[in-house]
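Asks: how would this look folded up:
(chains A and B)
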Protein chains: 2
Amino acid sequence: LVSLTSWYKMYPPQFEELIKELARLPGLGPRSGERIALFLLENGEAEKLAQAILKVKESIRHCPSCGNITDKELCRICSDPKRDSKILCVVEEPCQLEAIEKTGEFRGRYFVLRGKITPWEGKETRSFPLKKLMEKLKKEKIEEVILAVNEEFTALYLGKFLKPLPVKVTRLGRGLPVGARIEYADQATLLQALKNRSEV
Amino acid sequence: LVSLTSWYKMYPPQFEELIKELARLPGLGPRSGERIALFLLENGEAEKLAQAILKVKESIRHCPSCGNITDKELCRICSDPKRDSKILCVVEEPCQLEAIEKTGEFRGRYFVLRGKITPWEGKETRSFPLKKLMEKLKKEKIEEVILAVNEEFTALYLGKFLKPLPVKVTRLGRGLPVGARIEYADQATLLQALKNRSEV
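Replies: Residues are numbered from 1 along each chain as shown, chains lettered A, B, ... in the order given. Model (predicted):
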C-alpha cells in the first residue's frame, strides 16, 4: 500500500517544491525537508531566510586573490598588510580557514581551493585554480605552503604538483586530538601519534 | 584562544545572517547552518530555494474546515464528497495526516491541531482551535473521533475535553511495530502489546 516514490505526492505542488529544494541541501533528506518546510510554513519569519539567501547570492563574492568569501574588493586577510605574505595556508573551504583563524596562531595568508580534488568523479569535478596557485607562489615569492586539507587525495595531489617548485611544503601535524583517550583512538591516528612523538 | 561566542564572527555579515537563519531551523544548528550556507553560496540554484519559500508563504494556506495545508479554497480531503464525514481523525501536523493517508485505509476526514498542547510552556503555546473542533463535531454530527497524536498529553487533554460530548473517542492501537523483535521492544510497548493481544 505504501509507495516509496509517492513520498511527497499529496501536498500542494508549491509545498512539494519547497520540500524537494530543502531535501537537496547537504545533510538533509525528504523527511527533514518535510519537517523544515512545515516549520517555515508556520513560522512568521520564513521570509527572512529567503531574503538572506538572495542577499548572500547577490553580495558575497570570492576574493580574487585567495578565493575566500567576502563582501569587499579583497577579503579581510588579503587586505590586511600585517599578515605575513611569505607563508600560505591552502584549504579546501572557507570554513577550514575560519577554524584555523580561531586558533589565533597563524599569521600568514590563505588559498581556498573551493572543493575537493576528486578526478575520479569525472566531469562534475570543479576545475581547481591550480594555475592561479602556481602564479601566486611565484609572484608573491612564497616560502612555505601549509596543506590544511581534509581529503588525503587532495594533499597527495597538491604535494606532487608543488614538488618541482622552490617552496617548502608542509602538512598539519597528525596525532591524538587534545584530550583524546588512547584506548579509543583509531590505529591510523595512533600510528601517526607514535611517529610524531615529542620529547617532554 | 577559541571563543565559543564568536562562532560566526569573521564571515561577512550577510553570510553570518544566512547561517543564523539556517541554524534556527528544526534539526539544524550553527555547524550544519554553516555547511548549508557554503553549499548555497557555491550552488547555482540557491535562488530556487528562496523562491520556493516565498511562493509557499504566499500561496499555501490552511483549510478553513480542517486546518490541513492547501492551495485551494478547501483541502483535497474536505472537498472530496466521497469521504465519510461521520468519522474524524485528529492529528497534530499535516505530516501525520499524510502518513495516515498513505495506508489507504482511512476514508473519513481530518482535523489538524497545528501543534502540541503543552500548557506548561506558557505564553508561547499556540492556542488550539478547540472551540472550532467542538463546533465541527456538533455541526457535522460526527460519530467517532480518532486521536492520532504523538504527544501523550495532547491525547489525554483531548480525551478529557471530548468526554462530555456524545461522540465515541478512540486512539491508534498500541503494540509492537510490524517486524519488530520482541527482545528489543521497550517495556511500555510490550505491556501495550500484551494488553492489546488478538486471537489468531
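
Asks: Identify the residues contacting the helix-or-strand element of chain A with minimal mean pLDDT?
Replies: Every helix and strand in chain A was compared by mean pLDDT, DSSP states H and E; the lowest is helix A:187-195, with a mean of 82. Helix A:187-195 is contacted from outside by A:174-176, A:182, A:185, using CB atoms under 8 Å, 6 or more residues apart in numbering or on different chains. Just so you know, the C-beta spots here come from the backbone N, C-alpha and C atoms, and that holds for glycine as well.

Asks: at 6 Å instead, please
Replies: Residues from elsewhere that reach helix A:187-195, judged by CB atoms under 6 Å, 6 or more residues apart in numbering or on different chains: A:174-176.

Asks: That one: which residues count as buried?
Replies: Buried positions in helix A:187-195, judged by neighbour count with 16 or more other CB atoms under 10 Å in any protein chain shown: A:189, A:192-193.

Asks: Distance from that helix to the middle of the chain?
Replies: 25 Å (CA atoms, centre = their mean, to the nearest Å).

Asks: quick revisit: so which of the contacts of helix A:187-195 wins on neighbours?
Replies: With neighbours taken as other CB atoms under 10 Å in any protein chain shown, the top of the contacts of helix A:187-195 is residue A:175, carrying 18 neighbours.

Asks: you'd agree it is in a helix?
Replies: No - going by DSSP: H, G, I helix; E, B strand; the rest coil, the assignment for residue A:175 is coil, not a helix.

Asks: So residue A:51: helix, strand or coil?
Replies: helix.

Asks: Just give the closest residue to it, not the sequence neighbours.
Replies: Using CB to CB, 6 or more residues apart in numbering or on different chains and skipping residues adjacent in sequence, the residue nearest residue A:51 is residue B:50, 7.6 Å away.

Asks: Residue A:54 reaches residue B:48, doesn't it?
Replies: No - applying CB atoms under 6 Å as the test, residue A:54 and residue B:48 come out as separate, 11.1 Å apart.

Asks: Tell me where chain A has strands.
Replies: A:61-62, A:69-70, A:87-91, A:109-112, A:144-148, A:168-171 (DSSP state E).

Asks: nearest to residue B:84, of those strands?
Replies: Closest of those to residue B:84 is strand A:69-70, at 56.3 Å (criterion: CB to CB).

Asks: Which positions in chain A make contact with chain B?
Replies: A:1-2, A:10, A:12, A:14-15, A:17-18, A:21, A:25-27, A:32, A:34-36, A:39-40, A:46, A:48-50, A:52-57, A:59-60, A:70-71, A:95, A:98, A:102, A:104 (CB under 6 Å from any CB of the partner chain).

Asks: Convert the least confident helix or strand of chain A to PDB, retaining C-alpha atoms only.
Replies: The C-alpha coordinates for helix A:187-195 follow below in PDB (Å, rounded to 0.1, in the frame of the first residue of the first chain):
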ATOM      1  CA  GLN A 187      45.000   2.700  14.700                       C
ATOM      2  CA  ALA A 188      46.000   5.100  11.900                       C
ATOM      3  CA  THR A 189      45.800   8.000  14.400                       C
ATOM      4  CA  LEU A 190      47.800   6.100  17.000                       C
ATOM      5  CA  LEU A 191      50.500   5.200  14.400                       C
ATOM      6  CA  GLN A 192      50.800   8.900  13.500                       C
ATOM      7  CA  ALA A 193      50.900   9.900  17.200                       C
ATOM      8  CA  LEU A 194      53.800   7.400  17.700                       C
ATOM      9  CA  LYS A 195      55.700   8.700  14.700                       C
END
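
Asks: quick one: low-confidence parts of chain A?
Replies: A:1-9, A:115-127, A:200 (pLDDT under 70).
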